[in-house]
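> Provided below are the primary sequence and the corresponding predicted coordinates.
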Amino acid sequence: MTSSHSPAQSPCHGAEVIASPYPIRIQINGRWYQFEVGRDLMPSDTLAQLLRERLGLTGLKVACDEGACGACTVILDGEAILSCMTLAVEVDGHSVLTIEGLPADDPVIEAFAEQSEPGYGTALQCGFCTPGFVMTAKALLATNPHPTLEEVREGLSGNLCRCGCYAAIGQAVLHAAEKMEAGRRHDR
Amino acid sequence: MKKSFRPRDARQFVGTYRPRIDGHEKASGQARYLDDIALPTRFPGLLYARVLRSPYAHARIKRLDTRRAEALPGVHAVLTFQDPEVASLKPTNAGWTPFFTSSYNRMMWPDHRDRRILSDHVCWAGDEAGVVVAAESRAIADEALRLLDIEWEVLPFVLDPVAALAAGAPIIHPEINPNGNQLPPSPGTASEVFLDRGDVERALAEADVVIEACSDYHNADHGCLGTRGCLMQWEGDKLTCWTSYYQADQTRMHLTQMLNLPLHKVRVINPYIGGSFGRGNVGEQPFFIFTAILARRTGRPVLYQHTRREDFHDTRNALAYTCRLGARRDGTITACHFKSLGDAGAYADHSMAAADYVVREYIEATLGHIPNLRVETRVAYTNRIPGGCKRGIGNNQINLVFAIALDMLAERLGVDPLELAIKNLGNQHGRVPDRSLEAVLREGAQRIGWSQRHAPGDGPSVGGTRRRGIGFSLHNSWHAAWQEVPRGHIQVSIRVNPDCSVILDAPTAETGTGSNTCNVLSCAEALSFLGIGPQDIHWISETDTERGLKDQVQTDSGVSYVQSEVMGKAAAMVKRQILELAARRLNVPIEDLDIEAGKIFAHSTEEELSVRDLLWQEDLVPILGTVSETLPDEVTGVPFTASFAEVEVDTETGRVDVLKVVVVHDCGTVMYAAGAEGQQIGGQPMALGETLTEEIVYDLATGYPLSFNWIEYKIPTMLDTPEVEPVLLEVWKGAGEYGACGIGESVTTCTPGAVANAIYNAIGVRLGAIPFTPDKVLAALGKIPAEGGE
């Protein structure tokens, strides 16, 4: 591994035996990392494990570990994916964006944080699902910058929020779209 | 544009719509939960504990050989029920206390100490069995569990509470009840009949109209996104515990009492927590104890954390009710009889609270004035997942049957159920109709369009086979201040820095409820003389027993205001100290001074000095206001809440779609409007999941649960959730400055009953056993045979 992180034991090294380690390269939040499969990580390690346990990118959460809740969502080459259902070795040569890769004033983060207008509640309560929702919304808005509420509901239906903040999340995504549009107008 | 709530008394901060104080931290992924702390990068040498899970509904370990597991490379410890350190541990219960601090000897249900730490006797398929392993990875620990040589004695099991109470049923906890599976009643409750006034049978015989309603409430799971666990680390003879439970002081009490440690040698820290909803019964879980022992034995930090499957761990208590109501023809209810059968599952924990203890509270608040009143319950152990607390204790269960009963009685009397409720229910202000209840029902009725409600079963057809209907249910809200008095002293500390920024120590685990924002708003309100706002206040998010103040336990939503009630006294202490400094500095008597908007002024001389300038000239030591006060115990009654639901039922497929829910709460005082509406709205996907789609399904032949995952246990998504209209009112007022009450539990209470009545209104058939799945709807319509029928 070429990054500055100290070498640690692989988070999961059951009974796997690798004949000889081989390198993979992943771009994470704009920076390329090289890992030795068999030493830094095992072929069975998920992308979520690699990001959280090895790189300390803990914004994404593992809540179900079987692709049912969306809390582990990250963006792979522009598309929202479930990092608990993706093997780290599968993303060799690809680009991964986690919530840590977003700027602090990201319009989607801001919209989720600020949401509090009458009638909808807040867009987060316990916050455990929120980074997953934010990343799913990022990917949605990248392909559909002006979604209708119905499109937002459809697009975010793979994410679970047990605190039930769906109404406010819907509004937050619509507000994020407005913020992004305002930003584009400002840039022109 | 949505209607916004209008406060009774407008305040600067309390009761406003504004972002949560933790909004940005959580939305940006920076908030740290147990999962984000318990990493090998942060705890070098971290070990992972995995416990053996029973593959049988009821069994005993006859013989155990751990040698192959111990020999696996990477395994550091194998702890079993045979270890003297484990075998000598006291029997316990996972629900020592509802919300105050409790010692082992003073636990609330001392007759229900049915749990052993790592027992060889397992009582449900999924139960923690007598072995736990600590290893360098989860995978190695799991492999070690597979290498155990175990000979099981498989015991007969029982899943049904009726069968469990019948003669000849396998006895699950002979140490609690050697004669059968019935749980002993709660302390202070002599028998199955825990409330008996007047003569119910005679009153029912003499009544003009009598109805009987039935309901069945299942073991709904909490489904918190964050799973439960703890990280234990010893440094010398001192133990530190990080946990995703939510009662740091009580966790410390639990650890010290079970492990015979002094209180100052155990430190418990709650980081942010991924939801609670009352999970955990209430938290004295065996895993705290065996993880602490493993950490001591290995000399390493040890993490124990549930997988998603394991986090199906305790549930809302399953209770089946019948309710008989008798009334005079003029609509006066003269008799009321509730009878319930509870399924505690494999361990008692708080099950009796759900069946008698808390039910009594509801009855007194809503029905206590009915002259002939009888309430009885029997609760059985079965070999199912344990029951317990979920957004309340027993409230949803009794609400469902009473909602249906009221609807049935109204129909028989030929009156509007809403008017019947107003005429008969709620007595806490010493009179019926109850102002709070009437206001809640009238407002909800107006918002759902109650006046357009059609006759039962005569719903308008939509798209040929679909019919619409509306229904409602009401309940008293969860706790007001007088019911929170058992919390004891409420402790809060305000520290004002020389620049007038504030550190607020109002400890409570942040599980998502938003009580943190309530506290910051009430702190800003109390310190408004400093001319500061919420942005100038830092709330300490991590609860730590070493910081010095007692935390307020998030087992009930009273945390939304209990610390705010004492905040004013802390602020007054701060103000007094600043005035004393100013009096010395300006050389005027303190009585001549006051502070407004950050300025100190003398009445006589019109001299003025900013608080900031004053403090910067002093010793730069922060001004402290620390209080430890009990809550006002004036009995003020409780306010009411109601849900109104509109449904669409497809009579061909049996599918029920909820189109809209109106949720109305009288809060006394709304502490944080966006947060309160967030609770009202957020409770609906949970309540509708319990009502329509969520269900733990067992293989009846083996007693093995089949739906311990989020594919089969269907939690509503954004697409499944209808429009929810939140309505906040301030009609009732409790004692104290704010006189508020909690609403976090009651946001789910009335919705199942409202949906049941809306279905009846739509299609004219009564359903009482949730979840109302398509097969139950079709069976009720006579289109398919009922379950168990031919």
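Arrived safely, thanks for sending.
> Any stretches of the stretch 201-350 of chain B with poor pLDDT?
Applying pLDDT under 70 to the stretch 201-350 of chain B flags the ranges B:281.
> Please identify which residue in it comes closest to chain A.
Closest approach of the stretch 201-350 of chain B to chain A (Cβ to the nearest Cβ) occurs at residue B:274, with a separation of 3.3 Å. C-beta coordinates here come from the backbone N, C-alpha and C atoms, glycine included.
> Could you pull up the contacting residues of the nearest residue to residue B:237 once chain neighbours are set aside?
Closest residue to residue B:237 apart from its sequence neighbours, by Cβ to Cβ, 6 or more residues apart in numbering or on different chains: residue B:265 at 5.9 Å. Shown here is residue B:265, whose contacts under the criterion Cβ atoms under 8 Å, 6 or more residues apart in numbering or on different chains are B:237, B:238, B:239, B:256.
> For the third one, give me phi and psi.
Think residue B:239. Dihedral angles of residue B:239 (phi, psi; degrees, to the nearest 10) stand at phi -110, psi 130.
> Can you tell me the closest non-neighbouring residue to it?
On the basis of Cβ to Cβ, 6+ apart, the spatially nearest residue to residue B:239 that is not a chain neighbour turns out to be residue B:266, at 5.0 Å.
> the domain parsing of chain A - what is it?
Domain segmentation of chain A under automatic domain parsing yields A:22-100, A:107-187.
> Same list (the ones you listed) but as CSV, adding mean pLDDT.
Shown next, in CSV, are these (pLDDT from 0 to 100):
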stretch, mean pLDDT
domain A:22-100, 97
domain A:107-187, 97
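> just so I know, which of the ones you listed lies nearest residue B:73?
Evaluated over these, closeness to residue B:73 peaks at domain A:22-100, with 15.3 Å, by Cβ to Cβ.
> what about that closest one, near chain B?
Yes. Using Cβ under 8 Å from any Cβ of the partner chain, domain A:22-100 reaches chain B at A:52-54, A:56, A:58-66, A:68-69, A:71, A:98-100.
> State the distance from residue A:44 to residue A:167.
As for residue A:44, its distance to residue A:167 is 39 Å (criterion: Cβ to Cβ, to the nearest Å).
> Compare the two (neighbour count), which wins?
Neighbour comparison, residue A:44 and residue A:167: the larger count goes to residue A:167, with 28 against 15 (by other Cβ atoms under 10 Å in any protein chain shown).
> Contacts only, for that one.
The neighbourhood of residue A:167, defined by Cβ under 8 Å, 6+ apart, consists of A:119, A:120, A:121, B:681, B:721, B:723, B:724.
> Export the helix or strand where residue B:423 lies to CSV, keeping only CA atoms.
Using DSSP states H and E, residue B:423 falls within helix B:417-424. Listed in CSV are the C-alpha atoms of helix B:417-424, where the atom choice follows Å, rounded to 0.1, in the frame of the first residue of the first chain:
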residue,chain,number,x,y,z
PRO,B,417,-67.1,7.4,17.0
LEU,B,418,-65.4,10.7,17.4
GLU,B,419,-68.3,12.2,19.4
LEU,B,420,-68.5,8.9,21.4
ALA,B,421,-64.9,9.4,22.3
ILE,B,422,-65.3,13.0,23.3
LYS,B,423,-68.3,12.2,25.4
ASN,B,424,-66.7,9.3,27.3
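> C-terminal to it, what's the next element?
Of the helices and strands lying after helix B:417-424 in sequence (DSSP H and E), the nearest is helix B:435-448.
> Output the contacting helices and strands for that next one.
helix B:417-424, strand B:466-476, strand B:640-650, strand B:656-666, strand B:723-729 (3 or more Cβ pairs under 8 Å, 6 or more residues apart in numbering or on different chains; DSSP states H and E).
> how much does that helix deviate in direction from helix B:417-424?
170 degrees (axes from the mean of the first three to the mean of the last three Cα atoms, to 10 degrees).
> quick one: contacts of helix B:435-448?
B:418, B:421-422, B:425-426, B:428-429, B:450-451, B:470, B:472, B:474, B:639-646, B:660, B:662, B:664-666, B:725, B:727, B:729, B:731-732.
> and the residue nearest the centre of chain A, how far is that from residue A:138?
Of all residues in chain A, the one closest to the mean position by Cα atoms, centre = their mean is residue A:74, 2.4 Å from it. With distances taken as Cβ to Cβ, residue A:74 is found 10 Å from residue A:138.
> can you list residues touching both of those two?
Taking Cβ under 8 Å, 6+ apart as the contact criterion, the residues that touch both residue A:74 and residue A:138 are A:80, A:97.
> Chain B - how does it break down into domains?
Split by automatic domain parsing, chain B gives B:23-30+B:489-629, B:34-155+B:224-276+B:280-305, B:160-222+B:319-415, B:434-480+B:636-790.
> can you list the residues of the stretch 51-200 of chain B near chain A?
For the stretch 51-200 of chain B, the residues found near chain A under the criterion Cβ under 8 Å from any Cβ are B:136, B:137, B:138, B:139, B:140, B:142, B:143.
> Return the member of the residues you listed nearest to chain A.
Distances from chain A to those, taken as Cβ to the nearest Cβ, are shortest for residue B:139 (3.5 Å).
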